[in-house]
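Colleague: compute the structure for the input listed below.
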Amino acid sequence: MNAGAKIAKGEILLFLHADTFLPKNALDDISDIVQNDIVAGAFDLAFDNEKFSLKVISTIASYRSRITRTPYGDQAIFIKKVIFNKVAQYETISLMEDVNLMQKLKKHNYKIHILNSKVVTSSRKWEQSGIVYTTLRNWILIVLYYFGVDPERLSKFYH
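Modeller: As a prediction, the model looks like this:
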């Protein structure tokens, strides 16, 4: 991601997972929001499956990211390139690099905005591993990360 950011020509970087699709007008929405003092953000989350449990998860994720101002990578994170290069490049860690990036931005008091429009991401990982298992695993991993457990150690439990 850092290598891509380094060669990117635009003023705003967008980190989009391969299994995630942007909403219509996403680029206009991003451009509009970073005209203010917002330097980074992401979208609300939706899945490509209409299961009730996945709707609950995406709703919780949207509230969580709004309250904590810590969107995850599957929400299509965007950031001004100058800020990314100044303080917030991705750490070379195998897990939690998106959370780490948001922590660095918040440490410098940069504003992070969650857009109302939703990206649509694949539910395949959730369904293959089990929706309850995946949810609990992710919650446990993030709590352990916040308590200082090394992301490299946590990645063994993610994959």
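Colleague: okay, CA-based contacts and neighbour counts for the rest of this
Modeller: Fine.
Colleague: any chance you could map the helices in the protein?
Modeller: Along the chain, counting by DSSP state H, helices occupy 2-7, 26-33, 52-68, 81-87, 97-107, 124-129, 131-146, 151-158.
Colleague: do you know which of those lies nearest residue 17?
Modeller: helix 97-107 (11.8 Å; CA to CA).
Colleague: average pLDDT for that closest one?
Modeller: For helix 97-107, the mean pLDDT works out to 94.
Colleague: tell me which residues touch the residue nearest the centre of the chain, please.
Modeller: Centroid-nearest residue in the chain, with CA atoms, centre = their mean: residue 72, separated by 2.2 Å. For residue 72, the contact set (CA atoms under 8 Å, 6 or more residues apart in numbering) comprises 65, 98-99.
Colleague: now with 6 Å, please.
Modeller: With CA atoms under 6 Å, 6 or more residues apart in numbering as the criterion, the residues that contact residue 72 are residue 98.
Colleague: turn the helices of the chain into a markdown table, columns for distance to residue 117 and mean neighbour count.
Modeller: Listed next are these as a markdown table, based on distance: least, CA to CA, whole Å; neighbours: other CA atoms under 10 Å:
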| stretch | distance to residue 117 | mean neighbour count |
| --- | --- | --- |
| helix 2-7 | 24 | 12 |
| helix 26-33 | 8 | 15 |
| helix 52-68 | 11 | 15 |
| helix 81-87 | 22 | 15 |
| helix 97-107 | 20 | 18 |
| helix 124-129 | 22 | 12 |
| helix 131-146 | 23 | 14 |
| helix 151-158 | 28 | 13 |
